[in-house]
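K.L.:
Provide a 3D model corresponding to the input given below.
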Amino acid sequence: MDWTVYILQCDDGTLYTGITNDLQRRMSEHEAGKGAKYTRGRGPFQLLYQESCPDRAIASKRETEIKSLDRQAKLSLAAAN
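P.N.:
As a prediction, this is how the structure comes out:
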């Protein structure tokens with residue numbers, strides 16, 4: 001099962017990075033206010049970046065790497081995609 005690392009831009013301009021094995025379902029959860037605690041009340045969202053990973057462990061490691069980047073580096077990553 002493939003996993004996806006993704007970056008969302010919240011309506012307030014902040015960025016959120018997460019992982020999922022069903023991006024469409026996860027986006028619906030975020031929009032409904034049932035996603036991550038951080039994103040509740042911050043919608044609507046724009047998907048800026050997505051990256052496929054072969055398993056959860058690799059996706060989690062990549063998520064940690066992306067979360068350690070500053071805002072500009074995250075936006076650059078999204079723009080290069």
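K.L.:
mind listing what Leu69 touches?
P.N.:
Listed by CB atoms under 8 Å, 6 or more residues apart in numbering, the contact set of Leu69 reads Leu77. Any C-beta I mention is one placed from the backbone N, CA and C, and that applies to glycine too.
K.L.:
just Leu15 next, same as before
P.N.:
Ile7, Leu8, Gln9, Leu48, Arg71, Lys74, Leu75 are the contacts of Leu15 under CB under 8 Å, 6+ apart.
K.L.:
Just the buried residues of the longest helix along the chain, please?
P.N.:
For the chain, the longest helix by residue count, based on DSSP state H, is helix 56-67. Buried positions in helix 56-67, judged by neighbour count with 16 or more other CB atoms under 10 Å: Ala59, Arg62, Glu63, Ile66.
K.L.:
picking up where we left off before, okay, and which of the contacts of Leu15 map to strands?
P.N.:
The members of those that map onto strands under DSSP state E are Ile7, Leu8, Gln9, Leu48.
K.L.:
Let me know the closest of those residues to Glu29.
P.N.:
Glu29 has its nearest neighbour among the ones in strands among the contacts of Leu15 in Leu8, at 11.6 Å by CB to CB.
K.L.:
What's the local residue count around the closest one?
P.N.:
Around Leu8 there are 25 other residues, counting by other CB atoms under 10 Å.
K.L.:
Check Val5 too.
P.N.:
With neighbours defined by other CB under 10 Å, the count for Val5 comes to 24.
K.L.:
Let me see the contact set for it.
P.N.:
Val5 sits next to Thr17, Gly18, Ile19, Tyr49, Gln50, Glu51, Cys53, Ala59, Arg62, Glu63, Ile66 when contact means CB under 8 Å, 6+ apart.
K.L.:
Could you work out the end-to-end span of stretch 63-81 for me?
P.N.:
With CA to CA, to the nearest Å as the measure, stretch 63-81 spans 16 Å from end to end.
K.L.:
One more: stretch 33-49?
P.N.:
The first-to-last residue distance of stretch 33-49 comes to 20 Å (CA to CA).
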